[in-house]
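Enquirer: kindly return the folded structure for what I paste below:
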Amino acid sequence: MLGSGTLLSARYRIHSVLGRGGMGAVYLAQVEALGKKVAVKEMELRGLSQGELTQAVRQFQKEAAFLANLEHPNLVPVTDYFRVDNKHYLVMAYVEGQNLQEMLVKRGSPFRWSDIRDWAFRLIEVLSFLHTRNPPILFRDLKPSNIMIADTGRLHLIDFGIARTARSGDRTSTFLQGTGTKGFSPIEQYGEGQSTDQRSDIYSLGATLYYLLTGKLPPDAIERVSLQRDLVPPSHHDSSLAAWLDQVILKAMAVAPPDRFQSVQEMGAALRRLDSMEEVVGASLQPGQARWRKIV
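Expert: Below is the predicted model:
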């Protein structure tokens, strides 16, 4: 753990720890020459064989360079990458604000769809941007605590710690990318050698919407499979939620990837179409009625 005042790579003065995980920490730092605040993400690669370490370092360097060239208003720019001893660092712009997890806790009750509608569409847009890069980029750890709302009101995806580039037929490198977060990660992100694709992020987006609208952590994907338990619809927790929201979220969170939306663009189109029909649907249906009618 780097202490306050540490000068890292002769450029970044550490101020404080913003967060810590199993593979490193994120620090608030200041660029010495400019006085500008930045976030420095540390990745410590431990417990790997020499071959795994070599592959992990190569992949991390490649992805750092790739992320540094991404430009999107809802992404936090990556500005630098360097290595000190056995630790690797990404430097990103520092966003002042609150993440959605913090906002939900502070609020003390679940959000309404009208509260999160714009955020949902921004998330779909930025995921669509990532998924249509060449090669595509999978975020792989979408969850409320990785979605920041800046003081300006702009949404930002943060923490690219387990993001990865994807190629046709490529496999997940679990020793580097990790498996995401319980409740928000699909079944294919667990276990070595499992295939992931854009539909994995779709599952996590559905789980994020589920959590924000209900305040309930979705059951872990492994538990859903091992116990053969159906996902409880969001309206079970809040009867005011529309039936179409149940259907969109349950489809996004289907255990089997072929049963999900096949692209975020498809999910976005369904959300926009059904959201535009909300007044009509609300006038003709009671909450929870026609829940299983095929509308997505």
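Enquirer: for residue 219, see how far away the nearest residue to residue 122 once chain neighbours are set aside is.
Expert: Nearest residue to residue 122, sequence neighbours excluded (Cβ to Cβ, 6 or more residues apart in numbering): residue 155, at 4.5 Å. All C-beta atoms are positioned from the backbone trio N, CA, C, and that covers glycine. Using Cβ to Cβ, to the nearest Å, one gets 26 Å for the distance from residue 155 to residue 219.
Enquirer: looking at those two now, which is surrounded by more residues?
Expert: Taking residue 155 and residue 219 together and counting by other Cβ atoms under 10 Å, residue 155 has the greater number of neighbours (21 against 17).
Enquirer: contacts only, for the more buried one.
Expert: Under the criterion of Cβ atoms under 8 Å, 6 or more residues apart in numbering, the contact partners of residue 155 comprise 74, 119, 122-123, 126, 147-149.
Enquirer: repeat the analysis, applying 10 Å as the threshold.
Expert: If you count contacts by Cβ atoms under 10 Å, 6 or more residues apart in numbering, residue 155 has them with 73-74, 95, 97, 100, 118-123, 125-126, 147-149.
Enquirer: now swap in residue 129 and tell me
Expert: By Cβ under 10 Å, 6+ apart, the contact set of residue 129 is 70-75, 137, 157, 264.
Enquirer: separation between it and residue 141?
Expert: Using Cβ to Cβ, one gets 17 Å for the distance from residue 129 to residue 141.
Enquirer: same check on residue 85?
Expert: Between residue 85 and residue 141 the computed distance is 26 Å (Cβ to Cβ).
Enquirer: okay, those two: which has more neighbours?
Expert: Just comparing residue 85 and residue 141: by other Cβ under 10 Å the higher neighbour count belongs to residue 141, 23 against 6.
Enquirer: pretty sure that one sits against residue 159.
Expert: Yes. Using Cβ atoms under 10 Å, residue 141 and residue 159 qualify as a contacting pair, with a distance of 6.7 Å.
Enquirer: mutual contacts of these two, please.
Expert: Going by Cβ under 10 Å, 6+ apart, no residue sits against residue 141 while also sitting against residue 159.
Enquirer: hey, what's the nearest residue to residue 103 once chain neighbours are set aside bridged with?
Expert: In this structure, residue 103 finds its nearest non-sequential neighbour in residue 149, 6.7 Å apart by Cβ to Cβ, 6+ apart. Assessed by DSSP bridges, residue 149 has beta-bridge partners residue 98, residue 155.
Enquirer: wait, a strand at residue 269?
Expert: No. Using DSSP: H, G, I helix; E, B strand; the rest coil, the assignment for residue 269 is helix, not a strand.
Enquirer: just the CA coordinates of stretch 121-135, formatted as CSV?
Expert: In CSV, the C-alpha atoms belonging to stretch 121-135 read as follows (Å, rounded to 0.1, in the frame of the first residue of the first chain):
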residue,chain,number,x,y,z
PHE,A,121,-29.6,4.7,-22.1
ARG,A,122,-26.2,6.3,-21.5
LEU,A,123,-24.9,2.9,-20.4
ILE,A,124,-26.3,1.2,-23.5
GLU,A,125,-24.6,3.9,-25.6
VAL,A,126,-21.2,3.5,-24.0
LEU,A,127,-21.3,-0.3,-24.0
SER,A,128,-22.3,-0.2,-27.7
PHE,A,129,-19.2,2.0,-28.3
LEU,A,130,-17.0,-0.5,-26.5
HIS,A,131,-18.5,-3.6,-28.2
THR,A,132,-18.1,-2.1,-31.7
ARG,A,133,-14.4,-1.3,-31.4
ASN,A,134,-12.0,-3.4,-33.4
PRO,A,135,-11.3,-5.7,-31.6
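Enquirer: going forward, the N-terminal residue is numbered 43.
Expert: Happy to do that; since the first residue is 43 now, the last one works out to stretch 163-177.
Enquirer: buried ones in it, by neighbour count?
Expert: If you call a residue buried by 16 or more other Cβ atoms under 10 Å, then stretch 163-177 has these buried ones: 164-169, 171-173.
Enquirer: distance from the chain centre to it, please.
Expert: Between the centre of stretch 163-177 and the centre of its chain there are 12 Å (Cα atoms, centre = their mean, to the nearest Å).
Enquirer: contacting residues for the closest residue in space to residue 262 that isn't next to it in sequence?
Expert: Using Cβ to Cβ, 6+ apart and skipping residues adjacent in sequence, the residue nearest residue 262 is residue 224, 4.9 Å away. Neighbour list for residue 224: 185, 232, 259-265 [criterion: Cβ under 10 Å, 6+ apart].
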